[in-house]
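Asker: model this:
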Amino acid sequence: MFILGNFLMALGKVLGMVITIYIWLIVIRALISWVNPDPFNPIVVFLRRSTDPILEPLRRKIPPLGGLDFTPFIAIILLMFVKLFLVQSLIDLGWRLKHG
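Answerer: Residues are numbered from 1 along each chain as shown. Next up is the predicted model:
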């Protein structure tokens, strides 16, 4: 069972890193949006394409409050929950399979 345990632990750690990178992409997109960037800049296009899958559904459900878009903040909270719950559960399950 140690192979399955190692696999789950590695999966959890890689998923945690991917979520952390995705959170940073959302933060960078939110910061760049404050300076009115060129919409055709390749970096801006990449940030938009990579973060829209999580931000757009939230925007449809949560309207801007007072002209402020809180969806990046809410997305980060949701991603942190997934990271703390799912990733840690995978790592703990892997550890138990490996050592139990």
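
Asker: The longest helix anywhere in the chain packs against which elements?
Answerer: The longest helix of the chain (DSSP state H) is helix 2-33. Secondary-structure packing of helix 2-33 (3 or more C-beta pairs under 8 Å, 6 or more residues apart in numbering; DSSP states H and E): helix 42-61, helix 71-82, helix 88-99. Backbone N, C-alpha and C define where each C-beta goes, glycine included.

Asker: List the buried residues for stretch 39-47?
Answerer: Neighbour-count burial for stretch 39-47, counted by 16 or more other C-beta atoms under 10 Å, picks out residue 47.

Asker: Could you do stretch 55-68 as well?
Answerer: Quick answer for stretch 55-68 (16+ other C-beta under 10 Å): 55, 58-59.

Asker: hang on, the earlier thing: centre of the chain versus the longest helix of the chain, how much separation?
Answerer: 7 Å (C-alpha atoms, centre = their mean, to the nearest Å).

Asker: Just want the angle from that helix to helix 88-99.
Answerer: Using axes from the mean of the first three to the mean of the last three C-alpha atoms, to 10 degrees, the direction of helix 2-33 lies 160 degrees away from that of helix 88-99.

Asker: Just the angle for helix 2-33 relative to helix 42-61, thanks.
Answerer: 100 degrees.

Asker: ok, back up a step: and residue 8, which of the helices and strands packed on helix 2-33 is closest to it?
Answerer: Each of the helices and strands packed on helix 2-33 was scored for nearness to residue 8 using C-beta to C-beta, and the closest is helix 88-99 (3.2 Å).
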